[in-house]
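Asks: Have a look at this prediction, sequence included:
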Amino acid sequence: MLSAAKPLSLEEFESLFEEGDLPARDEFEKALNTLSDRCIREGRPVELKKVATGYRLQVKEVFSPWLSRLFEDKAGRYSRAFLETLAIIAYRQPATRGEIEDIRGVAVSSNIIKSLQERDWIQVVGHKEVPGRPALFSTTKIFLDYFGLGSLSDLPPLQDFIEHLDVQARPLDQQDIQETPDPLEDESQSDGLMNQLAGQSDLTSDLEHVER
């Protein structure tokens, strides 16, 4: 796992063995649980994390302020519009562009949708059966992996998600960082939108069926 560029599934672990040497599935799971327990019990700076696409060994989040100093490039900050668009898709999926615009009250920049798709955080999962058949957007397993989530039911409270996303921002294209201001750049109006979205969300009952 230390040398893998992505999380590894149990099937990928199994592919490392010849057929005659392949351990049983429960032996893999037992070994992974033992490794996870040892990381916790021995106070190691790394942890075994199960995310949407498998398992990964990662440095604990508490050490991120120190690790970030190792990188010369400073992370850009996501625009408020970028954050809100991603949050609406994550908490109301599947959602059309028109539905996102209805909630935000302003048009959604094509650059934002393009940027989210290029990062493989969102995908088109179908088309709504209304005139024009607009695309339905949903989050991906890459999105879940990035935020250390195993499934959509693990999404945190909406405001916690927004704050975490803002802190963990990676460098972005200029159009994401320096977007033309809109009325929602006012903090009080933006908070109102987040409260509206949170009030419409029911994560426990209607998110699991849209997981990909």
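Replies: Received, thanks.
Asks: Only C-alpha atoms from now on, for both contacts and neighbour counts.
Replies: OK.
Asks: What residues sit buried inside stretch 22-36?
Replies: 32, 36 (16 or more other C-alpha atoms under 10 Å).
Asks: Report the contact partners of the residue nearest the centre of the chain.
Replies: The structure's the chain has its C-alpha centroid closest to residue 143; by C-alpha atoms, centre = their mean the separation is 3.1 Å. Contacts of residue 143 were listed using C-alpha atoms under 8 Å, 6 or more residues apart in numbering, and they are 120-122.
Asks: Run through who's touching the longest helix along the chain.
Replies: The helix of greatest length in the chain, counted in residues with DSSP state H as the criterion, is given as helix 25-41. For helix 25-41, the external contacting residues (C-alpha under 8 Å, 6+ apart) are 10, 45-49.
Asks: in this protein, which spans are strands?
Replies: With strands called from DSSP state E, the chain shows them at 46-51, 54-59, 95-96, 122-127, 135-139.
Asks: Now for the contacts of residue 143, which sits with the most neighbours around it?
Replies: Taking other C-alpha atoms under 10 Å as the neighbour criterion, residue 122 ranks highest of the contacts of residue 143 with 22 neighbours.
Asks: nearest residue to that residue other than its sequence neighbours?
Replies: residue 139 (4.2 Å; C-alpha to C-alpha, 6 or more residues apart in numbering).
Asks: separation between the residue nearest to the centre of the chain and residue 61?
Replies: Counting by C-alpha to C-alpha, to the nearest Å, the separation of residue 143 from residue 61 is 17 Å.
Asks: before we move on, what about residue 96?
Replies: Where residue 61 is concerned, residue 96 sits at a distance of 33 Å (C-alpha to C-alpha).
Asks: next one: residue 12
Replies: From residue 12 to residue 61 the distance is 26 Å (C-alpha to C-alpha).
Asks: cool, residue 8 as well?
Replies: Per C-alpha to C-alpha, residue 8 is found 20 Å from residue 61.
Asks: sorry, back to before: could the strands of the chain be laid out in TSV, adding mean pLDDT and distance to residue 157?
Replies: Shown next, in TSV, are those (pLDDT from 0 to 100; distance: least, C-alpha to C-alpha, whole Å):
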stretch	mean pLDDT	distance to residue 157
strand 46-51	90	18
strand 54-59	89	24
strand 95-96	95	19
strand 122-127	96	20
strand 135-139	96	17
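Asks: any chance of those in a markdown table, plus distance to residue 108?
Replies: Listed next are those as a markdown table, based on distance: least, C-alpha to C-alpha, whole Å:
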| stretch | distance to residue 108 |
| --- | --- |
| strand 46-51 | 30 |
| strand 54-59 | 33 |
| strand 95-96 | 11 |
| strand 122-127 | 15 |
| strand 135-139 | 13 |
